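Colleague: just the structure for this:
(chains A, B, C and D)
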2 protein chains.
Amino acid sequence: MPKVGMEPIRRQQLIKATMAAIDEVGLAEATVMRIARHAGVSAGIISHYFGGKDGLLEATMRQILTDLSDAVAARRHALEDDSPRAHIGAIIEGNFDRTQVTGPAAKTWLAFWASSMHKPVLQRLQYVNDRRLYANLCHQFQRVMPRAEARNAARGLAAMIDGLWLRGALAPEGLDAAEARHLAHTYLDQLLKHYGCYQDASSADVY
Amino acid sequence: MPKVGMEPIRRQQLIKATMAAIDEVGLAEATVMRIARHAGVSAGIISHYFGGKDGLLEATMRQILTDLSDAVAARRHALEDDSPRAHIGAIIEGNFDRTQVTGPAAKTWLAFWASSMHKPVLQRLQYVNDRRLYANLCHQFQRVMPRAEARNAARGLAAMIDGLWLRGALAPEGLDAAEARHLAHTYLDQLLKHYGCYQDASSADVY
DNA sequence: CTTTATTGATTGAACGTTCAATAAAAAAAT
DNA sequence: ATTTTTTTATTGAACGTTCAATCAATAAAG
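Modeller: Residues are numbered from 1 along each chain as shown, chains lettered A, B, ... in the order given. As a prediction, this is how the structure comes out:
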């Protein structure tokens, strides 16, 4: 079976298998053998392509963060409206993108989040991603309110988004994306309305 | 050294040591030996008092949930004002109680949260606790707004509280409790103001 | 002398990693 | 076009480590 150019294929396969395994039994019991079985390959191949289990986990977290980043960027670039509300709305929508919220990605996300508390490599990835979200929100809010208030608004909305994610990952029935988006958008409207700018409520009932 | 009546002392000791170990190296590397060393006892004692590692972890999560519950209950019973805003405010304050937010408890909390996704015993504990918070919030909101809106408000505030917790546990500098409480109270004010009830803003700058 | 409390060496299972062996594909040589 | 050689891909058994659990031994207290 050995063909050339297997590396990118196997890497993707194993990253996907990692998410599937974590979704199935959790990070603690996602052994290399279980992951390999999901991908239909042997356990040894993981060390071959990722240098070891840690390398695979890091690559998997990178993938998830990249996917999220792309989902947000795509929606922001597709905007016709350049208003702060539109940009922040796109950030919300991107964070509750179907591919991110559904299935394996959500639980893997939370698992890595908890794991990053004590693994410097993952912590760094999480930190960079987090700062980017915060900086983006802050920048948009600053277009319609003073810096100090913009910072609070950004922290509040970031917490709201993460909280909805967290609760969705833990809820037995999974995240209700429509409801989560609605709550986040309503909160955004309140934050903006409080400063009397761009106060039309047209985006409140988008979902 | 063996004296009688050691059981309750050892149990508390070991639960505290578990939190310390998880705070130090994370749940994945919190071995029975490490926990025992923190408590200054041998590893075997854990199986003796808790039946095994799982029993100790369950007891530790129970302790955290009880502490949180007590912190909320204490503040609610101390209220002079019986208004919905006062009750919900007390719930917020209880959730950001110093003993909960500071040190080992916060990281242990998040570690168990992630772990509960795949451990039925912990999942059940988390679920019960979560439902109680939601039911309490819902009940208070329903005193000043229709059922459907109250549900949304409760879900939103619960997400905000959890999100602030989550971000606090992950932030290198830890949670800024004062800021978190301020954000949660401001959000609460907005939720209530939206319905024109109890609209004085006196509690917005409590902290 | 019985009960309660505790230890620490031992056991067996599970895990990640390594590596020699294998086999297909590609390249080179005939 | 066929054979030989090299490269790439993959396996799976073996190894060493780590861990939770067990239990006989020990010792203080009642």
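Colleague: and the gap between A:M145 and B:Q190?
Modeller: Separation of A:M145 from B:Q190 (CB to CB, to the nearest Å) stands at 15 Å. For the C-beta atoms, the positions are set from N, CA and C on the backbone; glycine is no exception.
Colleague: ignore what I typed, I meant A:E24.
Modeller: From A:E24 to B:Q190 the distance is 40 Å (CB to CB).
Colleague: more neighbours: these two, which one.
Modeller: B:Q190 (20 against 14; other CB atoms under 10 Å in any protein chain shown).
Colleague: return the backbone torsion pair for the more buried one.
Modeller: phi -60, psi -40 (degrees, to the nearest 10).
Colleague: list the single closest residue to it in space, sequence neighbours excluded.
Modeller: Closest residue to B:Q190 apart from its sequence neighbours, by CB to CB, 6 or more residues apart in numbering or on different chains: A:Q190 at 4.7 Å.
Colleague: now A:A71: which helix or strand?
Modeller: For A:A71, the host element (DSSP states H and E) is helix A:53-77.
Colleague: average pLDDT across that helix?
Modeller: In this model, helix A:53-77 has an average pLDDT of 97.
Colleague: please tell me how far the residue positioned nearest the centre of chain A sits from B:A184.
Modeller: Nearest residue to the geometric centre of chain A (CA atoms, centre = their mean): A:L68, 4.4 Å. Distance, A:L68 to B:A184, using CB to CB: 25 Å.
Colleague: likewise for A:D82?
Modeller: 32 Å.
Colleague: so those two - more neighbours on which side?
Modeller: B:A184 (24 against 8).
Colleague: now do the contacts for the more buried one.
Modeller: B:92, B:95-96, B:157, B:160-161, B:164 (CB atoms under 8 Å, 6 or more residues apart in numbering or on different chains).
Colleague: ditto for A:L188
Modeller: A:L188 neighbours (CB under 8 Å, 6+ apart): A:85, A:88-89, A:92, A:157, A:203.
Colleague: ok and the residue in chain A nearest DNA strand D?
Modeller: Of all residues in chain A, A:G44 sits closest to DNA strand D, at 2.5 Å by CB to the nearest atom of the strand.
Colleague: count the residues that sit near that residue.
Modeller: 9.
Colleague: what's the answer for the one 10 residues further on, then?
Modeller: The burial metric for A:D54, expressed as a neighbour count using other CB under 10 Å, is 12.
Colleague: my guess is it contacts A:V121, does it?
Modeller: Yes. Between A:D54 and A:V121 there is a contact under CB atoms under 8 Å: 7.4 Å.
Colleague: if I look at the closest residue to A:G52 other than its chain neighbours, how far off is chain B?
Modeller: Of all residues not flanking A:G52 in the chain, A:I46 sits nearest, at 7.3 Å (CB to CB, 6+ apart). A:I46 sits 18 Å away from chain B, going by CB to the nearest CB, to the nearest Å.
Colleague: residues contacting the single nearest residue of chain A relative to chain B?
Modeller: Residue nearest to chain B within chain A: A:G163 (2.7 Å; CB to the nearest CB). Shown in contact with A:G163 (CB under 8 Å, 6+ apart): B:158-164, B:166.
Colleague: what's the closest of those residues to DNA strand C?
Modeller: Nearest to DNA strand C among these, counting by CB to the nearest atom of the strand, is B:L166 at 26.0 Å.
Colleague: name the SS class of that closest one, please.
Modeller: Secondary structure assignment for B:L166 (DSSP: H, G, I helix; E, B strand; the rest coil): helix.
Colleague: tell me the pLDDT of it.
Modeller: 94.
Colleague: cool, and the one 10 residues further on?
Modeller: What the model reports for B:D176 is a pLDDT of 93.
Colleague: for it, which residues are in contact?
Modeller: So B:D176 contacts B:G168 (CB under 8 Å, 6+ apart).
Colleague: phi, psi of it?
Modeller: phi -90, psi 100.
Colleague: tally of neighbours for A:G55?
Modeller: For A:G55, using other CB under 10 Å, the count is 14.
Colleague: pull out the buried residues from the helix or strand of chain A with the lowest mean pLDDT.
Modeller: Within chain A, no helix or strand scores below helix A:98-101, which has a mean of 84 by mean pLDDT, DSSP states H and E. By 16 or more other CB atoms under 10 Å in any protein chain shown, the buried positions in helix A:98-101 come out as A:100-101.
Colleague: contacts for that helix, please.
Modeller: Contacts for helix A:98-101 (CB under 8 Å, 6+ apart): A:64, A:67-68, A:71, A:105-106, A:109, A:165, A:168, A:175, A:177, A:180.
Colleague: what subset of those residues is buried?
Modeller: A:64, A:68, A:71, A:105-106, A:109, A:165, A:168, A:175, A:177, A:180.
Colleague: pull the most distant pair out of the residues you listed.
Modeller: Greatest spacing in the buried ones among the contacts of helix A:98-101, by CB to CB: A:I64 and A:A180 (17.9 Å).
Colleague: if we can go back for a sec, okay, the buried ones among the contacts of helix A:98-101 in JSON lines with distance to A:N152 next?
Modeller: Shown next, in JSON lines, are the buried ones among the contacts of helix A:98-101 (distance: CB to CB, whole Å):
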{"residue": "A:I64", "distance to A:N152": "28"}
{"residue": "A:L68", "distance to A:N152": "24"}
{"residue": "A:A71", "distance to A:N152": "26"}
{"residue": "A:A105", "distance to A:N152": "30"}
{"residue": "A:A106", "distance to A:N152": "28"}
{"residue": "A:W109", "distance to A:N152": "25"}
{"residue": "A:W165", "distance to A:N152": "20"}
{"residue": "A:G168", "distance to A:N152": "24"}
{"residue": "A:L175", "distance to A:N152": "26"}
{"residue": "A:A177", "distance to A:N152": "26"}
{"residue": "A:A180", "distance to A:N152": "21"}
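Colleague: related to what we said a few turns ago, and the residue nearest to the residue nearest to the centre of chain A when sequence neighbours are not counted, how far from A:L122?
Modeller: Spatial nearest neighbour of A:L68, excluding adjacent residues (CB to CB, 6+ apart): A:Q100 at 5.6 Å. A:Q100 sits 18 Å away from A:L122, going by CB to CB.
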